[in-house]
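K.L.:
I would like to see how this sequence folds:
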Amino acid sequence: GFGYRINLRTAFKISYIANLGRYIPGKVWQVFGMVYLAKKVNIKEEAAAASWGLAQMFAIPAAFLVGLVAIVWHPELLATEISRFVGTGLYVAILIVFVVPQLMIVPPNKTLLLFNVILKIFKRPPVTFQISKVTALKVYVGYFIAWTVFGLSFWLFARSIAGAIEFPVVAGIGAFVVSYQIGYLTVFSPGGLGVRELVLTSVMTAYLGPVAAGLAVASRLWNMISEIIAAIIALRIKLRT
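P.N.:
As a prediction, this is how the structure comes out:
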């Protein structure tokens, strides 16, 4: 969309090294890391930062849509810590689920004007962006599928530890994805540490009992190990300008 050609190896390296910045308080280090690495392959800072922002505008609504489907399927999920953390924000989340994707998919190129306004405030040059509506739709659907698979992997992880439990797969997917997003959007918590586990424990207690707290912590360790492995692989990839 920004006119750059970048191969999968380079994208993998930039994404998974920058991803570790989520665990530094402030939520901005992931962006700084991505901008720094992208600059090494001659991608302008403004384009790299804008691409990260656009990615969130696709990814976060898609994640909340997964959660909304799960809540409709299993209304009991809202009788947990999710309702306390979300509160009236639930209606905001629903609004995001339906409004933001429309802005991204129907007039995707005009949506970037918001970033150019921000760049102008900081006296930085504007960026140009061209993407078709079909491609934008594919990106959004791709994120929806990715979040669903991410939640499914958590449910399989829970089943492997807790054994034959009555933990519906849709509830497991929704619980993990929603708790992940609540933790991610909590500014004061690096990487959502503590917040994600609190929400996840509350949701799973109704299904798993006292095992829920240990499983929430174990899932964090499992998640961090996978991210570290990905970062180690990324470090071994050499950037090619």
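
K.L.:
What about the residue nearest to Ile237 when sequence neighbours are not counted, how many residues nearby?
P.N.:
Of all residues not flanking Ile237 in the chain, Lys13 sits nearest, at 4.3 Å (CB to CB, 6 or more residues apart in numbering). Using the backbone N, CA and C atoms, a C-beta is placed for each residue, glycine as well. Lys13 has 22 neighbouring residues, counting by other CB atoms under 10 Å.

K.L.:
Same check on Ile14?
P.N.:
Residues contacting Ile14 under the criterion other CB under 10 Å number 24.

K.L.:
Ala38 is in contact with that one, correct?
P.N.:
Yes. Using CB atoms under 8 Å, Ile14 makes contact with Ala38 at a distance of 5.8 Å.

K.L.:
Please pull out the lowest mean pLDDT helix or strand from this structure.
P.N.:
When the helices and strands of the chain are scored by mean pLDDT, DSSP states H and E, helix 81-86 comes last with a mean of 58.

K.L.:
Point out where this protein drops to low pLDDT.
P.N.:
For the chain, residues meeting the criterion pLDDT under 70 lie at 26-27, 79-94, 112, 164, 187-192, 241.

K.L.:
Which elements pack onto whichever helix or strand Gly214 is part of?
P.N.:
According to DSSP states H and E, Gly214 maps onto helix 211-235. Counting contacts by 3 or more CB pairs under 8 Å, 6 or more residues apart in numbering; DSSP states H and E, helix 211-235 packs against helix 8-18, helix 133-162, helix 195-208.

K.L.:
most packed of those helices?
P.N.:
Mean neighbour count (mean count of other CB atoms under 10 Å) peaks for helix 195-208 among those, with a mean of 22.

K.L.:
what's the angle from that helix to helix 211-235?
P.N.:
Interaxial angle of helix 195-208 relative to helix 211-235 (axes from the mean of the first three to the mean of the last three CA atoms, to 10 degrees): 130 degrees.

K.L.:
For Glu46, which non-adjacent residue is spatially closest?
P.N.:
Excluding the flanking residues, the one nearest Glu46 by CB to CB, 6+ apart is Val127, at 4.7 Å.
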